[in-house]
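Student: Predicted model and sequence follow; I will ask about them next.
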Amino acid sequence: MLSVIKQLPRYLACAYVTKRPVFMFVDAGVRPSNLIQVFGFSDDFSFGMLQSNPHWVWFITKCGKLAERFRYSAESVFDTFPWPQDPTTKQINAVAVAGREVRRVRGEALKSIEGGLRAVYRTLELPGKHPLKEAHADLDAAVLDAYGFSAKGDLLKQLLDLNKKVAGRIAAELPVTAPGVPASYGDPTPLITSDCIRP
């Protein structure tokens, strides 16, 4: 893990045990503890994918549980989560932009809400409009578009169908689109911004 993040300007992380995984970028100079689940991505597209509702639905379906909290297992959650297989450059950019907006809105909320990001995310449970709800709705729409999924269809079924399709291609030794920025995008530098938790 350290050899992977050492090569990155920042990496994605979330709490290993949590009621809801809140992903954030961390400067590569910060050594994570064993209580942190680490992902070797520094780009905004990957952040958007992991912070989206499709990943949340997959997470609560596949994760382990400790009392009232969920446990993020890379083996059961991340390794089985199917990423969009044929997103266009426009769709990848849209997910990245929406992901940046989610982080911007979170950052603004932290200025007035005590209790950190957990308290900020509790506002999603309140009735009525809220900037974070709107930012997440935009992110989810961009991610669904990247998948080519129907917003009216059963999201979990669509993910399971894609998982089965990807697994079949892997078994047949056919190419699949792996997690992270698709190779078809080219240079991922435009998707890497600088905001992160620093030492």
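Tutor: Arrived safely. Residues are numbered from 1 along each chain as shown.

Student: excluding its backbone neighbours, what's nearest the residue nearest the centre of the chain?
Tutor: The centre of the chain sits closest to Leu50, judged by C-alpha atoms, centre = their mean, with a distance of 1.1 Å. Sequence neighbours aside, Phe23 is the residue nearest to Leu50 in space, at 5.0 Å (criterion: C-beta to C-beta, 6 or more residues apart in numbering). Every residue, glycine included, has its C-beta placed from N, CA and C.

Student: What is the neighbour count of the one you found?
Tutor: 23 (other C-beta atoms under 10 Å).

Student: Can I take it that Lys65 is in a strand?
Tutor: Yes: using DSSP: H, G, I helix; E, B strand; the rest coil, the assignment for Lys65 is a strand.

Student: Can you report phi and psi for the residue nearest to it when sequence neighbours are not counted?
Tutor: Leaving aside its chain neighbours, Lys65 sits nearest to Arg71 (6.6 Å; criterion: C-beta to C-beta, 6+ apart). Note on Arg71: backbone dihedrals following degrees, to the nearest 10 are phi -120, psi 120.

Student: cool, Cys63 as well?
Tutor: Per degrees, to the nearest 10, the backbone of Cys63 is at phi -80, psi 170.

Student: Just give me the neighbour total for Val77.
Tutor: 21.

Student: How far away from the center of its chain is the longest helix seen in the chain?
Tutor: As assigned by DSSP state H, the longest helix anywhere in the chain is helix 89-110. Remark: helix 89-110 is offset 11 Å from the chain centroid, using C-alpha atoms, centre = their mean, to the nearest Å.

Student: can you check stretch 106-126 too?
Tutor: That offset, for stretch 106-126, works out to 18 Å (C-alpha atoms, centre = their mean).

Student: From Thr189, how far out is His136?
Tutor: For His136, the distance to Thr189 (C-beta to C-beta, to the nearest Å) stands at 26 Å.

Student: Name the residue in those two with the higher neighbour count.
Tutor: Neighbours were counted for His136 and for Thr189 using other C-beta under 10 Å; His136 has more, 22 against 7.

Student: That one sits in which helix or strand?
Tutor: For His136, the host element (DSSP states H and E) is helix 131-147.

Student: which is the next helix or strand following that helix?
Tutor: That would be, after helix 131-147 and using DSSP H and E, helix 155-171.

Student: now could you export just the CA positions of that following helix as CSV?
Tutor: Taking C-alpha atoms only, helix 155-171 is exported to CSV below (Å, rounded to 0.1, in the frame of the first residue of the first chain):
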residue,chain,number,x,y,z
LEU,A,155,-30.0,0.2,-9.5
LEU,A,156,-28.8,-2.8,-7.6
LYS,A,157,-30.0,-5.1,-10.4
GLN,A,158,-28.2,-3.0,-13.0
LEU,A,159,-25.0,-3.2,-11.0
LEU,A,160,-25.3,-6.9,-10.5
ASP,A,161,-26.0,-7.5,-14.2
LEU,A,162,-22.8,-5.4,-15.0
ASN,A,163,-20.8,-7.3,-12.4
LYS,A,164,-21.9,-10.6,-14.0
LYS,A,165,-21.0,-9.3,-17.5
VAL,A,166,-17.5,-8.1,-16.3
ALA,A,167,-16.9,-11.3,-14.5
GLY,A,168,-17.7,-13.2,-17.7
ARG,A,169,-15.3,-11.2,-19.7
ILE,A,170,-12.5,-11.7,-17.2
ALA,A,171,-13.2,-15.5,-17.2
